[in-house]
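**Q** sequence first, then the predicted structure:
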2 protein chains.
Amino acid sequence: MLSEAVSHRRPLNAAKNMAPDVTLSSIFSDRPTESFAAGSGLVWEGDPANHVFEVVEGVLRIFRIIGDGRRAITGFLYPGDILGVSMRDRYLYSAEAVNSVKVRRFSATSFQQAINLSPELRPQFFAKLCDEMAGAQEQMVMLSRKNAEERICTFLLRLADKGAKDRCDNLEIEVPMTRLDMADYLGLTIETVSRTITSLIGRGVISQRGRHDMRINKIAMLARLAGDGDCMGANGSGGPYARQAVWPA
Amino acid sequence: MLSEAVSHRRPLNAAKNMAPDVTLSSIFSDRPTESFAAGSGLVWEGDPANHVFEVVEGVLRIFRIIGDGRRAITGFLYPGDILGVSMRDRYLYSAEAVNSVKVRRFSATSFQQAINLSPELRPQFFAKLCDEMAGAQEQMVMLSRKNAEERICTFLLRLADKGAKDRCDNLEIEVPMTRLDMADYLGLTIETVSRTITSLIGRGVISQRGRHDMRINKIAMLARLAGDGDCMGANGSGGPYARQAVWPA
DNA sequence: CGGAGTTTTGACTGGAATCAACTGCGGTGG
DNA sequence: CCACCGCAGTTGATTCCAGTCAAAACTCCG
């Protein structure tokens, strides 16, 4: 934990409030881009973590496979994201291209040195780690406490947010991944994903143009169905989890 | 991602292979310990992240509450663990004492500076972050793809591992948390937790001395029931997730 | 002893998984 | 061009695991 704590909003040694000239992704900028076809793998769980990748274009899926072949997708990486952070000497997970992907590759040791030597890069790196951690938390909450419809709605909302950064309207969303990817990410089966989406369409919450192009018609309804109701903070009324004293006994 | 990459097995500036004299927890060592009674809260989700805590004794639960009061415990912290890492300016989650807990408190900004100034501390800090990330991954896999029995067995195994560091035998395990804590951690209900444990006892896999003291009788069976079968790597036979080419197209 | 909280047990329900067709689409090649 | 195939997705019927509701048993303390 702690990440922003180790500064992030403002580089430590650059008090001037201008964008830092050295950014995390800038250290990849002179590297050639490599292309991966949809479905091809970049790294495998357990392999020595020799490289770090910056996603330039396309989407990656990050996953682990357990015992009898069950797959759990723990996240997707979009342009600007970095693959290989939060690794020890071996990759914690496998990564495959969801669609056609372009990446820039960097040696893990060089990356490590660059980070370690630059007081400008370090906070950005910490911030990345903490974002990743926050995302993992979010995912855990979803997987342990949300039903199928809430999961799908949460997922669609996240995609919309993601898309909002690129385009201006966030109501037309592109869904590059297959139903199987969605299912393995949300802890459901393809059938349940399909049924739930059909149901949302039936109620007019969303509509589909192509397989991978959706439109959100009722964003407020979608947010309500996502289930992270904002009863936060209040917590005054009884319930099983009423707040208790905050300070030492 | 990346963490060990930023070194961890060997401090950067201490080539001699002796234990580093400055450890992450040593920076807490001159701080007074504070006690929290079972059930009391240390930090709350959304509050400004002003402090970092080192757990000295006892167990903390880390959790978030969504919408209609559902609680998801995202982890437990044991002695030696640090609360408040991976935070940005606000806490991502709440923390409460499971049992009687002693902690040492440190200001987040001082902690941040200590980390940032010390090339010895930094790698340890990264390692912590990465361990946390690895744990989160593990948890996501469990929550999305394991059934009730597999979850309980996985949990008991983790407790056994944890205990093995303290005592010599890891078969007598202490379970400080309540069934409700376990349920909220594993994404189940207390009834299912109770039933599953009863079933394991019935089959002689484990036995119970007190409510919070268990004994593992058949550790191999428990590991098998936990479900992370080690079919890893192989992945040669068809299946929906056969490996594909690893190198660029 | 009593009462509140925790855990266990039982009966029943329900939501998602499973099993199984079927549709729709894009490519391929005769 | 169209028949054919393969794959992704949809839809339906049924099953089953875990959730829900309810009550009893056990524990811990005052």
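**A** Looks like it came in fine.
**Q** element containing A:L200?
**A** Here A:L200, judged by DSSP states H and E, is contained in helix A:190-202.
**Q** list the buried residues in the lengthiest helix in chain A.
**A** Determined from DSSP state H, the single longest helix within chain A is helix A:121-145. Under the neighbour-count criterion of 16 or more other C-beta atoms under 10 Å in any protein chain shown, helix A:121-145 has A:121-134, A:136-145 buried. C-beta here means a position set from N, CA and C on the backbone, and glycine is covered the same way.
**Q** packing partners for that helix?
**A** For helix A:121-145, the elements it packs on are strand A:70-77, helix A:108-117, helix A:148-166, strand B:60-66, strand B:70-77, helix B:121-145, helix B:179-186, judged by 3 or more C-beta pairs under 8 Å, 6 or more residues apart in numbering or on different chains; DSSP states H and E.
**Q** at 6 Å what do you get?
**A** Contact here means 3 or more C-beta pairs under 6 Å, 6 or more residues apart in numbering or on different chains; DSSP states H and E; on that basis helix A:121-145 packs against helix A:108-117, strand B:70-77, helix B:121-145.
**Q** can you list contacts of the second one?
**A** Counting by C-beta atoms under 6 Å, 6 or more residues apart in numbering or on different chains, the neighbours of strand B:70-77 from elsewhere in the structure are A:137, A:140-141, A:144-145, A:241, B:55, B:59-65, B:83, B:184-185.
**Q** interface residues of chain A facing DNA strand D?
**A** Counting by C-beta under 7 Å from any atom of the strand, chain A comes close to DNA strand D at A:178-180, A:190-191, A:193-195, A:197-198, A:208, A:211-212.
**Q** just the closest of those to chain B, please.
**A** Nearest to chain B, judged by C-beta to the nearest C-beta, of the residues of chain A next to DNA strand D is A:L180 at 7.3 Å.
**Q** which of the residues of chain A next to DNA strand D has the weakest pLDDT?
**A** Lowest pLDDT among the residues of chain A next to DNA strand D: A:R211, with 86.
**Q** where's that residue relative to A:I197, distance?
**A** Distance, A:R211 to A:I197, using C-beta to C-beta, to the nearest Å: 11 Å.
**Q** the more surrounded of those two?
**A** A:I197 (20 against 9; other C-beta atoms under 10 Å in any protein chain shown).
**Q** list the buried residues in stretch A:201-217.
**A** A:V205, A:I206, A:M214, A:I216.
**Q** that one vs DNA strand C: in contact?
**A** No - using C-beta under 7 Å from any atom of the strand, we find that stretch A:201-217 stays clear of DNA strand C, coming within 7.7 Å at best.
**Q** between the helices and strands packed on helix A:121-145, which one is closest to A:N99.
**A** Distance to A:N99, taken as C-beta to C-beta, is lowest for helix B:121-145 among the helices and strands packed on helix A:121-145, at 22.4 Å.
**Q** now the angle from the closest one to helix A:108-117?
**A** 120 degrees (axes from the mean of the first three to the mean of the last three C-alpha atoms, to 10 degrees).
**Q** could you check the angle helix B:121-145 makes with strand A:70-77?
**A** Angle between the axes of helix B:121-145 and strand A:70-77 is 130 degrees (criterion: the same axes, to 10 degrees).
**Q** format the helices and strands packed on helix A:121-145 as JSON lines; extra columns: mean pLDDT and distance to B:A38.
**A** Converted to JSON lines, the helices and strands packed on helix A:121-145 look like this (pLDDT from 0 to 100; distance: least, C-beta to C-beta, whole Å):
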{"stretch": "helix A:108-117", "mean pLDDT": "90", "distance to B:A38": "41"}
{"stretch": "strand B:70-77", "mean pLDDT": "96", "distance to B:A38": "14"}
{"stretch": "helix B:121-145", "mean pLDDT": "92", "distance to B:A38": "23"}
